[in-house]
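Visitor: how does the following fold in three dimensions:
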Amino acid sequence: MENHTSLSETRKNDSDYFSRIISEKVEVYNNSPLTDFHDHLLKIFFDLAQQHDGLDSFYQICVAIPQALHPEIRVSLAVLKNTKKSFQLACGNASQTDISPQMIAKLPLQTAAASYSADDVLFLPVISRPLLNNSARTGAFFPEKNENTEEGQPCLGVLFISYFKTLGTIDRLFLEKLVTRIGYNLQRRILQASHLEHINFLKHLGRDIGHNVIIPNMHFKNLFRQLEKKINRINKEVQVSLNLADEPSLKILNRCNEIRADLTSTHAELLEHYNRTSLYLETLLREEHFTKGEYILKRRRCQIEAEIIIPELEVYRRRLERQGITVEQPQNMRDRRFFLKGDLGLLSQVFDNLFSNALKYTRTSTDFHGQSRKAIAYGCQDIPNFPKKGRRGVKFNIFSTGEHLNEEERLTIFNDGVRGENVGFNPGSGHGLSFVRTVVEIHGGDVGYEAVFGGNNFYFILPLTEESDDLNTFVTEVATSNDR
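Guide: This is a model prediction of the structure:
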């Protein structure tokens, strides 16, 4: 198979690549046996293909161009069905085509031949090029190569020329060049149609999610409130009964009180889980994301520690304790009076991903005093001239003890699908930090990694809102400073 390299790789390896290729192509075209008539037909094909959208128009162009070679030939085109298992007639130059359904049914899905003939018909396969062959995963109906059953390249279709013996050798050469151009154009049109269909589906999906998931989910909040009222009623009834009960009844009431306390605790845990899950659902499944094809922020002023960090840490606190990981909180962060204007749901998930990674990868290390330490810490610090001169940002640090990332990991750790070498048996897809980078960047911020004494610091910087710029109340707290 042809080895394709990316455009950036090509330019990096050879800055004169395209100049050389253009010179070679000019020489090839100067020595081409094709006549001016054939050259004009190719130009007309490209002109018409650019002027007319849609697959049906393109199919007619694919038939009309070769038909211009000779009035006695008859041209038809079969293309791959959506099932990718057979072909169907797409266009012919007469109401009664010479190509029978049986002939179409016998067409191979893959071929190694540029052209071949049988039963007074010239077959010109329209090849699926390697450039887009892997796009089947996008939903487009490109054929898939079957290594076990057929040889050659997958076909998108076949151009049929009946009574082709009236054509000369140069005409045959022209047709083989033409089907190559047809293949490239057909792939792109199929991909474009598939993408448009995909986009429309996502728009409808976003609307359906809002109607069938988000709105019904809000009913749970009302149910939780009703449950809380009933628990409070039980609490009042038990307290009143305890004051009036005799000795034998006290044991029953005390047991009821224990059950009520457990029920209150379970209700609080369920409500916390519901609030967090609902926030994530309503943020990630926002209809605007689907209609616009990107994350659409719903910004509001928020205090990061009180509204995001502390609630997120509570979710992980028990698991952190079970693994012997201590949480070191800054002393002065709660007193800070700065606000960030951001999307509460998306920023919550940024901290969720960072705390989740800290839970997975925190290891024991040695501090400045030679003592063993297994901990995570968070904090923030002032960043001047961010995102531009005269403005300020705030850098949020999530530090965890353990071995440093290697040099390669430091450069790629925020790329999608990348996981560190120390993953062990921890589950994951390598998507979390990529998500962090995406969310931070659409907030106008930046992300990064620092190898610091005793462990690793993952950070992100967000710009402060104008109303937050009070230097007297902005106190620097760095979670990963060497004093920690």
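
Visitor: quick one, helices of the stretch 101-250 of the chain?
Guide: 101-105, 169-209, 215-244, 247-284 (DSSP state H, counting those that start in this stretch).

Visitor: of all those helices, which lies closest to Phe37?
Guide: helix 169-209 (9.0 Å; C-beta to C-beta). Every residue, glycine included, has its C-beta placed from N, CA and C.

Visitor: other SSEs contacting the closest one?
Guide: With contacts defined as 3 or more C-beta pairs under 8 Å, 6 or more residues apart in numbering; DSSP states H and E, helix 169-209 has these neighbours: helix 36-51, helix 55-67, strand 121-127, strand 153-162, helix 287-292.

Visitor: of all these, which lies closest to Gly402?
Guide: Closest among the helices and strands packed on helix 169-209, using C-beta to C-beta: helix 287-292, at 34.7 Å.

Visitor: which residues are contacting that closest one?
Guide: Helix 287-292 has contacts (C-beta atoms under 8 Å, 6 or more residues apart in numbering) with Leu202, Lys203, Leu205, Gly206, Arg207, Ile209, Gly210, Tyr295, Ile296.

Visitor: need the max-distance pair from the residues you listed.
Guide: Longest span within these, C-beta to C-beta: Arg207 and Tyr295, 17.6 Å.

Visitor: which of the two has more neighbours?
Guide: The neighbour comparison of Arg207 against Tyr295 (other C-beta atoms under 10 Å) goes to Tyr295, with 18 against 13.

Visitor: does the more buried one count as helix, strand or coil?
Guide: coil (DSSP: H, G, I helix; E, B strand; the rest coil).

Visitor: now it: how far from Val440?
Guide: 11 Å (C-beta to C-beta, to the nearest Å).

Visitor: model confidence for the spatially closest residue to Asn254 that is not a sequence neighbour, exactly?
Guide: Distances taken as C-beta to C-beta, 6 or more residues apart in numbering place Leu242 nearest to Asn254, at 7.9 Å, with adjacent residues excluded. Per-residue confidence (pLDDT) for Leu242: 78.

Visitor: same check on the one 10 residues further on?
Guide: In this model, Ile252 is scored at 84, pLDDT.

Visitor: what's the neighbour count on Gln226?
Guide: Count around Gln226 with other C-beta under 10 Å applied: 10.

Visitor: and this structure, what are its domains?
Guide: 7-196, 199-292, 299-468 (automatic domain parsing).

Visitor: what's the end-to-end length of stretch 88-108?
Guide: 13 Å (C-alpha to C-alpha, to the nearest Å).

Visitor: quick one: secondary structure of Gln381?
Guide: Gln381 - assigned by three-state DSSP - is strand.

Visitor: ok, it to Lys106 distance?
Guide: 72 Å.

Visitor: got it, and Asp262?
Guide: Distance from Asp262 to Lys106, by C-beta to C-beta: 72 Å.

Visitor: let me know the pLDDT of Lys388.
Guide: Value for Lys388, per-residue pLDDT: 91.

Visitor: and it, its phi and psi?
Guide: phi -150, psi 170 (degrees, to the nearest 10).

Visitor: tally of neighbours for it?
Guide: Neighbour tally, Lys388, other C-beta under 10 Å: 8.

Visitor: check Leu284 too.
Guide: Leu284: 14 neighbours (other C-beta under 10 Å).

Visitor: could you do Leu109 as well?
Guide: By other C-beta under 10 Å, neighbour count at Leu109 equals 20.

Visitor: and the gap between it and Ile22?
Guide: Taken as C-beta to C-beta, the span from Leu109 to Ile22 is 36 Å.

Visitor: how about low-confidence regions in the stretch 201-350 of the chain?
Guide: Residues of the stretch 201-350 of the chain meeting the criterion pLDDT under 70: 332, 334-338.

Visitor: kindly recompute the last result at 80.
Guide: 211, 215, 242-248, 331-339 (pLDDT under 80).

Visitor: any idea how far Glu27 is from Pro108?
Guide: In terms of C-beta to C-beta, Pro108 sits 35 Å off from Glu27.

Visitor: and those two? Which one has more around it.
Guide: With neighbours defined as other C-beta under 10 Å, Pro108 and Glu27 compare such that Pro108 has more, 17 against 10.

Visitor: I'd like the distance between that one and Ala114.
Guide: 14 Å.

Visitor: now Gly54
Guide: 28 Å.

Visitor: show me which of the two is the more surrounded one.
Guide: Between Gly54 and Ala114, counted using other C-beta under 10 Å, the more crowded position is Ala114 (15 against 11).

Visitor: in space, what's closest to the more buried one - neighbours in sequence excluded?
Guide: Glu176 (4.9 Å).

Visitor: for Ser365, what are phi and psi?
Guide: Dihedral angles (degrees, to the nearest 10) for Ser365: phi -140, psi -180.

Visitor: residues in contact with it?
Guide: So Ser365 contacts Ser372, Arg373, Lys374, Thr401, Gly402, Glu403, Gly454, Gly455 (C-beta under 8 Å, 6+ apart).

Visitor: apply 7 Å and report the result again.
Guide: Residues in contact with Ser365 (C-beta atoms under 7 Å, 6 or more residues apart in numbering) are Arg373, Thr401, Gly402, Gly454, Gly455.

Visitor: for it, which non-adjacent residue is spatially closest?
Guide: Thr401 (4.2 Å).

Visitor: you'd agree that neighbour is up against Gln371?
Guide: No - the pair Thr401 / Gln371 is not scored as a contact, 11.4 Å apart, by C-beta atoms under 7 Å.

Visitor: out of these two, which sits in the busier spot?
Guide: Per other C-beta under 10 Å, whichever of Thr401 and Gln371 has more neighbours is Thr401, with 23 against 8.

Visitor: and the more buried one, what are its phi and psi?
Guide: phi -70, psi 150.

Visitor: tell me the spacing between it and Leu80.
Guide: Counting by C-beta to C-beta, the gap from Thr401 to Leu80 is 57 Å.
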